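Peer 1: Sequence plus predicted model, see below.
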Amino acid sequence: MSSTSYDFSKTAGQPICCRAMVARGPCIPMTEESITVGVPRKGEVRVKVMANALCHTDIYTLGGSDPEGLFPCILGHEAGCIVESVGEGVISVCPGDHVVPCYTPQCGEPTCIFCMSPRTNLCPKIRSTQGQGVMPDGTSRFTDKDGNVLYHFMGCSTMAEYTVLADISCAKISKKMPLGKACLFGCGVATGLGAVWNTCKVERGSSVAVFGLGAVGLAVIQGAKMAGATMIIAIDINPGKFDIAKQLGATHCVNSKTLDKPVQKHIAGDMTPWGVDYSFDCTGNVNVMRAALECAHRGWGESCVIGVAASGHEISTRPFQLVTGRVWKGTAFGGFKSRSDVPKLVEANLKGDLPIDHFITHEFDGVGATNSAVDALHSGTCLRAVVTYCPDAK
């Protein structure tokens, strides 16, 4: 795919009118509308969105479960894009570059203790404004046909044909990568892989339990297999997901709904004597988070929370579970430093070392098909639904 067919000189420096899916309120279907996308300001990048993948976080916010959910807004945060124009001071990307928007930015400044530390990827540079649904200067780049302001979402808002990003949220990638596939590295798949490789650093010969077999959970299984784990237990209440789990490396599958005891006691007691070395919650259910911790190995087991719980929910366990050596931790974007690491994931895919095609189970054309993609995501058979805005994305 080449970006040379796009002449952005006619739109640079001008507002752009385009189509977008607007979320007017929680639990209300999004509407396809005409919006205006403003000119990028200092430190900002305007991009043409080529393809967008639906993530459960979008649905979580649309369903009213997100404490930071603001309406009306433009959702979407897993996308493949082409840079249309850049604002003052932007040197990291230029028009025509291919990028993956990243909700976890990486400012890379020497004074940022988070970017300089190998222990985290949680750059706070634009966190406060991102959570308020605006750009770093405190304003929005979106207005509807009546001139009313629309909020941004996760610093991305990729359910629109054009969007504006902070330059520190743009991961520049190889133009050899189809943008309809590259979008998967914007959130879920990268998060699952990184939870294994970065957050827990799963070793060869380890035992692993994965709760929830959506795209994130299956990415955890794939990452664990690549890391050399020898026992990988896949847990879900939908047995229809077990086949793909086995194909990606699961050695055992458990339907927790059919057990006559808590699943943690089945794993730590029946399937293993003391539990697994590593467990991962990919459900966002606080009861499952507890089960994942309590099936971790006595003395050294680590349990990683990946799923995002609904607003107001809290996790609990007996302190004895931690006193006896278990570690409870969490991860955001799998610990990947976005601008540095997403290009590496893309290169690994291009080399054939990191296949991801199996995650794309549904495909749709045109931003207006987004609600159909939402329906697919609710079906129980969908891992990732990719909505292609431009044919060149494929």
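Peer 2: Noted; the coordinates are in hand.

Peer 1: Next one: residue 323 from residue 97, what distance?
Peer 2: Separation of residue 323 from residue 97 (C-beta to C-beta, to the nearest Å) stands at 51 Å. To be clear about C-beta, it is placed using only N, CA and C from the backbone, and glycine gets the same treatment.

Peer 1: For those two, indicate the residue with more neighbours.
Peer 2: For the pair residue 323 and residue 97, the greater number of neighbours falls to residue 97 (18 against 8), based on other C-beta atoms under 10 Å.

Peer 1: For stretch 290-303, C-alpha coordinates in PDB please.
Peer 2: C-alpha atoms of stretch 290-303 as PDB (Å, rounded to 0.1, in the frame of the first residue of the first chain):
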ATOM      1  CA  ARG A 290      -9.900 -12.900  42.600                       C
ATOM      2  CA  ALA A 291     -10.100 -16.400  41.200                       C
ATOM      3  CA  ALA A 292      -7.100 -15.700  39.000                       C
ATOM      4  CA  LEU A 293      -5.100 -14.600  42.000                       C
ATOM      5  CA  GLU A 294      -6.100 -17.500  44.100                       C
ATOM      6  CA  CYS A 295      -5.000 -20.100  41.500                       C
ATOM      7  CA  ALA A 296      -1.500 -18.600  41.400                       C
ATOM      8  CA  HIS A 297       1.200 -20.700  42.900                       C
ATOM      9  CA  ARG A 298       1.800 -20.600  46.600                       C
ATOM     10  CA  GLY A 299       5.200 -18.900  47.300                       C
ATOM     11  CA  TRP A 300       5.800 -17.200  44.000                       C
ATOM     12  CA  GLY A 301       2.700 -17.100  41.700                       C
ATOM     13  CA  GLU A 302       1.900 -13.800  39.900                       C
ATOM     14  CA  SER A 303      -1.500 -12.700  38.800                       C
END
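
Peer 1: so who does residue 77 touch?
Peer 2: Residue 77 makes contact with 55, 57-58, 101, 103, 153-158, 186-187, according to C-beta atoms under 8 Å, 6 or more residues apart in numbering.

Peer 1: Just those residues: which are in helices?
Peer 2: For the contacts of residue 77, the ones inside helices are 57-58, with DSSP state H as the criterion.

Peer 1: which one of the contacts of residue 77 has the most neighbours?
Peer 2: Looking at the contacts of residue 77 with neighbours defined as other C-beta under 10 Å, the largest count falls to residue 158 at 34 neighbours.

Peer 1: Quick check: that one touching residue 101?
Peer 2: Yes: with contact defined as C-beta atoms under 8 Å, residue 158 reaches residue 101; the gap is 6.1 Å.

Peer 1: what touches both of the two?
Peer 2: Here residue 158 and residue 101 share the contacting residues 77, 79, 81, scored by C-beta under 8 Å, 6+ apart.

Peer 1: doesn't residue 160 make contact with the second one?
Peer 2: Going back to what we said before, that points to residue 79. No: Residue 79 is beyond contact range of residue 160, at 9.7 Å (criterion: C-beta under 8 Å).

Peer 1: what is in contact with the two at once?
Peer 2: Both residue 79 and residue 160 are contacted by residue 49, under the criterion C-beta under 8 Å, 6+ apart.

Peer 1: Compare these two and say which one has the larger neighbour count.
Peer 2: When residue 79 and residue 160 are compared for neighbours, residue 79 comes out ahead with 31 against 28, by other C-beta under 10 Å.

Peer 1: Roughly how far does the more buried one sit from residue 360?
Peer 2: As for residue 79, its distance to residue 360 is 14 Å (criterion: C-beta to C-beta).

Peer 1: and for these two, which residues touch both?
Peer 2: Shared contacts of residue 79 and residue 360, defined by C-beta under 8 Å, 6+ apart, are found at residue 53.

Peer 1: With adjacent residues omitted, what lies nearest to residue 329?
Peer 2: Among residues not flanking residue 329 along the chain, residue 304 sits closest, at 5.4 Å (C-beta to C-beta, 6 or more residues apart in numbering).

Peer 1: which ones are touching the one you found?
Peer 2: Remark: with contacts taken as C-beta under 8 Å, 6+ apart, residue 304 is in contact with 195, 199-200, 278-281, 329-331.

Peer 1: Provide the secondary structure category for it.
Peer 2: Counting by DSSP: H, G, I helix; E, B strand; the rest coil, the backbone at residue 304 sits in strand.

Peer 1: pLDDT score for residue 4?
Peer 2: The predicted local distance difference test score for residue 4 is 49.

Peer 1: so what's residue 89 up against?
Peer 2: Residues in contact with residue 89, defined by C-beta under 8 Å, 6+ apart, are 42-43.

Peer 1: Summarise which helices and strands the strand of greatest length in the chain is packed against.
Peer 2: For the chain, the strand that runs over the most residues, judged by DSSP state E, is strand 44-53. With contacts defined as 3 or more C-beta pairs under 8 Å, 6 or more residues apart in numbering; DSSP states H and E, the secondary structure elements packing on strand 44-53 are strand 79-86, strand 98-101, strand 162-166, helix 179-182, strand 384-388.

Peer 1: For the longest one, name the packing helices and strands.
Peer 2: Right, the one you point to is strand 79-86. Using 3+ C-beta pairs under 8 Å, 6+ apart as the contact criterion, the elements in contact with strand 79-86 are strand 44-53, strand 98-101, helix 179-182.

Peer 1: let's see it at 10 Å
Peer 2: With contacts taken as 3 or more C-beta pairs under 10 Å, 6 or more residues apart in numbering; DSSP states H and E, strand 79-86 sits against strand 44-53, strand 98-101, strand 162-166, strand 170-173, helix 179-182, strand 384-388.

Peer 1: if we can go back for a sec, Throw the helices and strands packed on strand 44-53 into JSON lines and include mean pLDDT, thanks.
Peer 2: As requested, the helices and strands packed on strand 44-53 are exported to JSON lines (pLDDT from 0 to 100):
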{"stretch": "strand 79-86", "mean pLDDT": "98"}
{"stretch": "strand 98-101", "mean pLDDT": "98"}
{"stretch": "strand 162-166", "mean pLDDT": "98"}
{"stretch": "helix 179-182", "mean pLDDT": "97"}
{"stretch": "strand 384-388", "mean pLDDT": "97"}
